[in-house]
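Engineer: Have a look at this prediction, sequence included:
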Amino acid sequence: MKLLTEEKCADTSVTLCRSCDLVIRKRALPSSVRALCPRCHTAIYDAPYCSLNGMLALCLTALIFFVPANLLPVIELHFLGSIRTTTIFEGAMAVANQGYWVVAIAVLTSAVIAPGLLLLSVLSQILIIKYRLEVPFFRDILKRLLKYHGLLSQLTMLEIYMISIFISVFQLRDYTDIHLEMGTFCFAMLFLVTLFLQREYHLEHMWSLLND
Amino acid sequence: MTSPSEQAHRTQGKDVGLTLCPSCKQLMPHAENHCSRCGSILALRDYSSLQKSWALLITAAILLIPANIYPITIFTSQGHTRHDTIFTGITHLIDLDILPIAVILFTASILVPILKICGLTIYLLAISFRLPISKKRLMVGFHVIEWIGRWSMLDLFVISITAALVNMGQLLDARPGPAATAFALVILLTQVAAKVLDTRLLWDRLESKDDAN
């Protein structure tokens, strides 16, 4: 390893650990096995299994569920004959209307805006790569989308919102009648499809597609 | 992935003149200023990240106090109003015999933020003062902190759902309290504090003597 020189950068058999900077020699991995850094146990790379068509299908499915998941009521409450429903957006607005706009922004970003942008970003990445749009303009867009992908996927918190819905149901069950609505079903489907999409998606593999 | 031959080599990227691009993880010689693939600025180590991380963490630790002292929900049921802080909210759930939910909320809104702030403090202290703590354990703890931190959002989501549903004046009403903003900022700041830190500093600072443990 001491023979490493600067020209060796192009060599794909060596990599560095992103958390502890250790030089690591890459090996071929069977699929669904992940290589960990021998020193600090950070995940370093895994065998990229990243089918563009599969991701495109998942992405489109997620986008189809995205609209009803956000527009249809998630929970319905029956209390002394009056019926109240709420959507994710209304939840955030209810908090904002009482002056807690920091909370509202946090809820809106992690449950509506970030997942939406994430899906649109993945869709456009796939389309640009799939139809080989080699124009500098599209390459530039692809670069930017890839750069912000990490941030978007960290801001996406669909799974936490999903659990929150169930917790609210349990909490309010003592006071009133609570019903889950069509919105919950769409939201659960959106969450599942996005989960599989994020498992399939492989940021470093996408970056390497930009190189070719 | 560890083999005896690899154990012997503890070569770091900075010793052989290589660095990883911070945004696209491409291997680059560190003599370069910009990544050839994505154009990000390359830095061998980000020394200012330690200060930034400390600043964010201290702010978060201060905000944790109002987040726990002030009421986070104001709940009215048949004309009777109760102000719940995070803690009394959870004890109320235990009184109602909804133990599983109480455990989940306790973990998400008390245990995780406190563990996160303590964990990050230990981590930053270890880097700043070269404390002799096992680096491997610190790193495992750091990954746990990074992963678990977002689950604190649970409480805020629950508040927003209940506030939207339950608004029937004197009969039944739920509203967020002043602690909600402080709590949201604690989550945000600790998450950014962990994100901004250049973890490679840990492995440079504590020199090789406790590398193996």
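Structural biologist: Noted; the coordinates are in hand.
Engineer: Just give the nearest non-adjacent residue to residue A:90, would you?
Structural biologist: residue B:164 (4.9 Å; CB to CB, 6 or more residues apart in numbering or on different chains). (Glycine included, C-beta is placed from N, CA and C.)
Engineer: Could you look up the next helix or strand downstream of the lowest-mean-pLDDT helix or strand in chain B?
Structural biologist: Taking mean pLDDT, DSSP states H and E as the measure, the helix or strand of chain B with the lowest value is helix B:4-8, at a mean of 44. Downstream of helix B:4-8, the next assigned helix or strand under DSSP states H and E is strand B:18-20.
Engineer: tell me which element the residue nearest to residue A:90 is part of?
Structural biologist: Short version, using DSSP H and E: residue B:164 is in helix B:153-165.
Engineer: Does chain A have contacts with the helix or strand following that helix?
Structural biologist: Per DSSP H and E, the first helix or strand lying C-terminal to helix B:153-165 is strand B:167-168. Yes - counting by CB under 8 Å from any CB of the partner chain, chain A has neighbours in strand B:167-168: B:167-168.
Engineer: List the neighbouring strands of strand B:167-168 plus their orientation.
Structural biologist: Strand B:167-168 has its sheet partners listed here by DSSP bridges as strand B:172-176 (antiparallel).
Engineer: next SSE after the partner strand?
Structural biologist: Sequence-wise, the next helix or strand downstream of strand B:172-176 (DSSP H and E) is helix B:179-196.
Engineer: Show me what counts as buried in that following helix.
Structural biologist: B:179-191, B:193-194, B:196 (16 or more other CB atoms under 10 Å in any protein chain shown).
Engineer: Off-centre distance for stretch B:45-61?
Structural biologist: A distance of 12 Å separates the centroid of the chain from that of stretch B:45-61, by CA atoms, centre = their mean, to the nearest Å.
Engineer: Kindly apply the preceding question to stretch A:113-128 instead.
Structural biologist: On CA atoms, centre = their mean, the centre of stretch A:113-128 falls 9 Å from the chain's centre.
Engineer: Any buried residues in it, and which?
Structural biologist: Here stretch A:113-128 shows A:114-119, A:121-123, A:125-126, A:128 as buried, counting by 16+ other CB under 10 Å.
Engineer: now, which of these lie within helices?
Structural biologist: Residues of these located in helices (DSSP state H): A:114-119, A:121-123, A:125-126, A:128.
Engineer: My understanding was that residue A:70 contacts residue A:89; is that so?
Structural biologist: Yes - contact criterion CB atoms under 8 Å: residue A:70 and residue A:89 qualify, at 6.2 Å.
Engineer: Would you list the phi and psi of residue A:37?
Structural biologist: The phi/psi pair for residue A:37 (degrees, to the nearest 10) reads phi -70, psi 130.
Engineer: excluding its backbone neighbours, what's nearest it?
Structural biologist: Leaving out its chain neighbours, residue A:37 is closest to residue A:17 (CB to CB, 6+ apart), at 4.1 Å.
Engineer: List the buried residues of the host helix or strand of residue A:102.
Structural biologist: Using DSSP H and E, residue A:102 sits within helix A:101-108. Buried residues in helix A:101-108, counted by 16+ other CB under 10 Å: A:102-108.
Engineer: what's the angle between that helix and helix B:179-196?
Structural biologist: Helix A:101-108 and helix B:179-196 are oriented at 60 degrees to each other (axes from the mean of the first three to the mean of the last three CA atoms, to 10 degrees).
Engineer: and helix A:101-108, is it in reach of chain B?
Structural biologist: Yes - interface with chain B: helix A:101-108 contributes A:102-104, A:106-107 (CB under 8 Å from any CB).
Engineer: Low-confidence regions, chain A specifically.
Structural biologist: By pLDDT under 70, the low-scoring segments of chain A are A:1-12, A:31, A:47-50, A:211-212.
Engineer: just so I have it, where are all the helices in it?
Structural biologist: Applying DSSP H to chain A gives helices spanning A:52-71, A:88-97, A:101-108, A:114-130, A:136-155, A:158-172, A:182-200, A:203-211.
Engineer: got a list of contacts for the third one?
Structural biologist: Translated: helix A:101-108. With contact meaning CB atoms under 8 Å, 6 or more residues apart in numbering or on different chains, helix A:101-108 is reached by A:88-89, A:91-93, A:95-96, B:153, B:156-157, B:159-160, B:176, B:180-181, B:184-185, B:187-188.
Engineer: What of the first one?
Structural biologist: Contacts made with helix A:52-71 from outside it, assessed by CB under 8 Å, 6+ apart, are listed as A:87-89, A:112, A:115-116, A:119-120, A:122-123, A:126-127, A:129-130, A:182-183, A:186-187, A:189-190, A:193-194, A:196-197, A:200-201.
Engineer: Out of these, which are close to chain B?
Structural biologist: When contact is defined as CB under 8 Å from any CB, the contacts of helix A:52-71 do not meet chain B at all.
Engineer: Low-confidence ranges, chain B, go.
Structural biologist: B:1-10, B:205-213.
Engineer: need the helices for it, in chain order.
Structural biologist: Going by DSSP H, chain B shows helices at B:4-8, B:48-69, B:86-95, B:99-106, B:112-129, B:135-148, B:153-165, B:179-196, B:200-205.
Engineer: Without its sequence neighbours, what residue ends up closest to residue B:181?
Structural biologist: residue A:102 (4.7 Å).
Engineer: Sorry, slip of the keys, the one I care about is residue A:14.
Structural biologist: Using CB to CB, 6+ apart, the nearest residue to residue A:14 is residue A:25, at 5.8 Å.
Engineer: okay, now the spatially closest residue to residue A:129 that is not a sequence neighbour: neighbour count?
Structural biologist: Among residues not flanking residue A:129 along the chain, residue A:209 sits closest, at 5.3 Å (CB to CB, 6+ apart). Residue A:209: 18 surrounding residues under other CB atoms under 10 Å in any protein chain shown.
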